[in-house]
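J.: Just need the structure, nothing else, for what follows:
(2 chains)
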Amino acid sequence: MSDTSTINSQGPLLTNDGVPLKDSLRKSLRRSKIRSFLLILVPLLFVLALFVAPIGSLLSRSVDDVYINNVFPQTFAQYEVWEDKSILPSEEMFAAVINDIRITHKLENSEGKNIGKNLLGKSGTRMTYEFSGWRSLLLKTVKSATKVNKRSKEEIKPYTWEAPYKEKMIKRDKRWGKVEFWQSLGAMKDPYTMGYYLNAVDLRYDANKNIIQKVEHLRVYKTIWMRTLQVSLMVTIFCLILAYPVSYLLATLPMRISNLLMICVLMPFWTSLLVRIVAWMIMLQQNGVVNDTFVTILPCFEGMVNLPFFGATNIDLCFGDEDRIPMMYNFTGTIIVMTQILLPFMILPIYSIMKGIPPSYMKAAQNLGATPTRAFIRVYIPQSVPGVGAGCILVFIVAIGYYITPELVGGKDGLMIGNFVAREMQQTLNWGLAAAMGTMLLIAVLALYWVYDKFIGIDNLKMG
Amino acid sequence: MTDKEPLVQFENVQKSYDGEILVVKDFNLDVKPGEFVTMLGPSGSGKTTCLMMLAGFEPATNGNIYLKGKPINNVPPHKRGIGMVFQNYALFPHMTVAENLAFPLEVRKIAKSEREERVNRILDMVQLGDFGSRRPMQLSGGQQQRVAVARSLVFDPDLVLMDEPLGALDKNLREQMQYEIKHLHENLGLTVIYVTHDQTEALTMSNRIAVFDDGVVQQCSTPEHLYERPENAFVANFIGENNRLMGSVEAINGDQVTVKTDSGDIVVASKVNVNSVGERATLSLRPERIFVSPAEGRTPNIYSAKVEELIYHGDHIRTRFNVCGHDDFIVKIPNSIDNVSLKEGKEVNIGWMSEDCLALDG
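T.: Residues are numbered from 1 along each chain as shown, chains lettered A, B, ... in the order given. Predicted structure coming up:
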């Protein structure tokens, strides 16, 4: 044995051939390392291309303002030297706007096709996010600024509008004379902006890039964020209340019965989400099964009754047509349907943890003198905590970004942030704002993950 | 054995899980205070079921169980006041060692100061004084075992049950723990009912052993008695090592019987469990009670045997002989200078005393 390894008290361990032991070890493991890397290469590329890249572009889009700076370089340069921002800027800045418009307007792509008009249109859209009215103002001005004198005999026909521009522009549209429009340029002058994030929480920049509240009637998102958190939290709690006993039964009943129960739990998983939601609509709407049942079976009693201690009391026990409970197309509908849909996400992790708790713990606790209830609280519940944690995190994370259910059954006061992300993507086409809201959701989820790790430990997270 | 009142009494206890098969078929056992009684048997013989009925986790299908003279069939487990060491210890993983030990005191509403004092005392007793703040998972198997024993003792129960508590330990540790449990039993005057399938463990630790097979107690007696005087072939075979020769009874003469083995040899043996001439009988012989090349007339039974195999065991040599038509006849020969001449294939005489050869049921 003494020949096979040389233990040198001064230096590193050497092999027989005098090579450091660590190098030799690394060499011997290199082959298997390369092989294992090749094995994960495909999934790695898959994740990079379909997960990391889109999320990266989402993140960059939510702060990106390079585009507008490319279209209006001179204007933003002038903005920097505009001294007193409470009064209208000087002629130079008006001229800069016209110059930027004219340069962009003539831009062509490599195939000789004009792209300038499109760029200006998009810029108008971007500017409208900061101050509404920018788009129509800009397009109106583009038309006037780029009109050429057709009667001119020169090679390059001159523009009809000539300097000075200030008065002409204000005359063309009096909005140019409003200092608020000019001030709003301040929020766009940097290539990177937090504007979308501010917008997502009902804040905005003022002329000096200070963060201020939006005007009252434009504040919408804060309510939606709060409601999203509220819905997610309530759905998580209801799921936990419903899932815990079911999981306990699943884990403790004899195999034959628990398998049947498991099928009942998983059945909704195999049914289309839309079908389930529509089924709930039929159940819960005003003329739905539940309300009809109430109207039919609840006794109709109305009138004066002599009650002991209370005397003559007017009692209205009638559940008539006018008493039908609104349970659909509102907040309640969202909560009920989401709880049902997300229930398996709570049951499965709790079940998998409970399945691993040996029955001997409960026996031991009782043997040591604890009543069954006490044993359950002191010994069983603490051991099921990792499953509860995993279930809650899973349900909360899925719920916070939920879209389809609130869209279909949420009505007006059951909408969540996911619906607004979709709206920005599809209707208003404000992708920057959608990206910012998406990123905030992502951060919320990561923060939750961090909190969980801090208090329960991610090692304890078992998904099944 | 004293004639004290039994602490535990099983009376005609029967147990069936499915209403078709009896797992325990008529179990009777009295355990006196201070006794260490082991239930020994192969797995599935019903011994753990009996323990679970006593602890209250399984109801007896029929019959009565008494603790201190009172029937406990309808007493729930947490009111029985019986300590128990579980097979895999069942230490609560989310509590520290000290919290585990304090648990039975806490549910008995014992004041905090007294609780701490008793926990510390019991920790010192099992030599784990510094381990109170650790989690069970941070302890070695042997330490966990000690905590489990400590937890079953900390509330001073009348009776401690142990369900194969040493099954998960390696051989050396198991032997050490056997002595520790034995000493605890002697020093504290505990009454212990111990379940195991390991006969060595049963022999070294117990005052009495109940040998289970097929839901029935085959024999219940002291370790010496079980080993020296097994009452039937199952017990003889299960306790210790045993050579078996099959044959039929030729003649019965008081305490002695003459048995003709299937190979035609005549053997004189002690009568234990045979009743009539012509009956099938099993002759049981311990490997350490066989003489190799005995002097003429020293043993009534002498046969010519062929050495088949020698297995070196250090202190003794296990020798496999072919004798009386039986080629798996094991003899333990002490490793001394006198016995070095044996070679494989050699023919020698072996013999045994008639009182060491028991005639049991066939």
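J.: Could you tell me which residues of the stretch 201-350 of chain B lie near chain A?
T.: Within the stretch 201-350 of chain B, no position lies close to chain A (CB under 8 Å from any CB of the partner chain). C-beta here means a position set from N, CA and C on the backbone, and glycine is covered the same way.
J.: Flag the shaky bits of the stretch 201-350 of chain B, pLDDT-wise.
T.: For the stretch 201-350 of chain B, the stretches with pLDDT under 70 are B:338-340.
J.: quick one: the strands in it?
T.: For the stretch 201-350 of chain B, the strands defined by DSSP state E, counting those that start in this stretch occupy B:208-213, B:216-221, B:243-253, B:256-261, B:266-271, B:280-285, B:291-292, B:301-312, B:316-323, B:326-334, B:347-352.
J.: Going by contacts, tell me the helices and strands next to the shortest one.
T.: Contact analysis of strand B:291-292 by 3 or more CB pairs under 8 Å, 6 or more residues apart in numbering or on different chains; DSSP states H and E lists strand B:347-352 as its packing neighbours.
J.: Show me which positions of the strand it packs on end up buried.
T.: For strand B:347-352, burial by neighbour count (16 or more other CB atoms under 10 Å in any protein chain shown) applies to B:348, B:350, B:351, B:352.
J.: and the second one, what does it touch?
T.: Residues counted as contacts of residue B:350 (CB atoms under 8 Å, 6 or more residues apart in numbering or on different chains) are B:290, B:291, B:292, B:293, B:294, B:302, B:303, B:305, B:321, B:323, B:331.
J.: Kindly recompute the last result at 7 Å.
T.: Under the criterion of CB atoms under 7 Å, 6 or more residues apart in numbering or on different chains, the contact list for residue B:350 reads B:290, B:291, B:292, B:303, B:305, B:321, B:323, B:331.
J.: which ones are touching residue A:148?
T.: By CB under 7 Å, 6+ apart, residue A:148 lies in contact with A:157, A:158, A:159, A:160.
J.: which one of the contacts of residue B:350 is nearest chain A?
T.: Checking the contacts of residue B:350 against chain A with CB to the nearest CB, the nearest one is residue B:331 at 39.8 Å.
J.: For that closest one, grab the count of nearby residues.
T.: When neighbours are defined as other CB atoms under 10 Å in any protein chain shown, residue B:331 has 25 of them.
J.: cool, residue A:194 as well?
T.: Other residues close to residue A:194 by other CB under 10 Å number 17.
J.: Quick check: closest non-adjacent residue to it.
T.: Spatially, and ignoring its direct neighbours in sequence, residue A:194 is nearest to residue A:63 (6.8 Å; CB to CB, 6 or more residues apart in numbering or on different chains).
J.: From chain B, how far off is that neighbour?
T.: According to CB to the nearest CB, to the nearest Å, residue A:63 and chain B sit 45 Å apart.
J.: Pretty sure that residue sits against residue A:193.
T.: Yes - contact criterion CB atoms under 7 Å: residue A:63 and residue A:193 qualify, at 6.1 Å.
J.: Between those two, which has more neighbouring residues?
T.: A direct count of neighbours by other CB under 10 Å for residue A:63 and residue A:193 places residue A:193 higher, at 26 against 19.
J.: The stretch 51-200 of chain B against chain A: which residues are in contact?
T.: B:55, B:57, B:77-78, B:82, B:84, B:86, B:88, B:90, B:92-94, B:103-104, B:107-108, B:151, B:155 (CB under 7 Å from any CB of the partner chain).
J.: quick one: which of those residues sit in helices?
T.: Within those, residues falling in helices by DSSP state H are B:55, B:103, B:104, B:107, B:151.
J.: Just among those, which is most surrounded?
T.: residue B:151 (29 neighbours).
J.: Could I get the full set of strands for the stretch 201-350 of chain A?
T.: Under DSSP E, counting those that start in this stretch, the stretch 201-350 of chain A gives strands at A:203-205, A:211-213, A:302-307, A:311-316.
J.: hang on, the earlier thing: and the ones in helices among the residues of the stretch 51-200 of chain B next to chain A as TSV, adding pLDDT?
T.: Listed next are those as TSV, based on pLDDT from 0 to 100:
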residue	pLDDT
B:55	93
B:103	95
B:104	95
B:107	93
B:151	95
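J.: Got phi/psi on residue A:401?
T.: Backbone torsions of residue A:401, given as degrees, to the nearest 10, read phi -110, psi 20.
J.: Same check on residue B:66?
T.: Here is the backbone geometry of residue B:66 (degrees, to the nearest 10): phi -110, psi 140.
J.: and the gap between it and chain A?
T.: Using CB to the nearest CB, we find residue B:66 at a distance of 19 Å from chain A.
J.: Which ones among the contacts of residue A:148 also lie next to chain B?
T.: Applying CB under 7 Å from any CB to those, none is adjacent to chain B.
J.: just the residues you listed now: which is nearest chain B?
T.: Of the contacts of residue A:148, the one sitting nearest to chain B (CB to the nearest CB) turns out to be residue A:159, at 80.1 Å.
J.: ok, for that closest one, nearest residue in space, not its chain neighbours?
T.: Closest residue to residue A:159 in three dimensions, ignoring its sequence neighbours and counting by CB to CB, 6+ apart: residue A:148, at 5.7 Å.
J.: Next, give phi and psi for that neighbour.
T.: Torsion angles, degrees, to the nearest 10, at residue A:148: phi -110, psi 160.
J.: tell me the contacts of residue A:366?
T.: Neighbouring residues of residue A:366 by CB under 7 Å, 6+ apart: A:372, A:375, B:77, B:78.
J.: Residue B:271 too?
T.: Neighbour list for residue B:271: B:252, B:255, B:256, B:257, B:359 [criterion: CB under 7 Å, 6+ apart].
J.: And the contacts of residue A:366, which of them are buried?
T.: Looking at the contacts of residue A:366 with 16+ other CB under 10 Å, the buried ones turn out to be A:375, B:77, B:78.
J.: I'd assumed residue B:52 was in contact with the second one.
T.: Meaning residue B:77. No - using CB under 7 Å as the test, residue B:77 is too far from residue B:52 to be in contact (9.6 Å).
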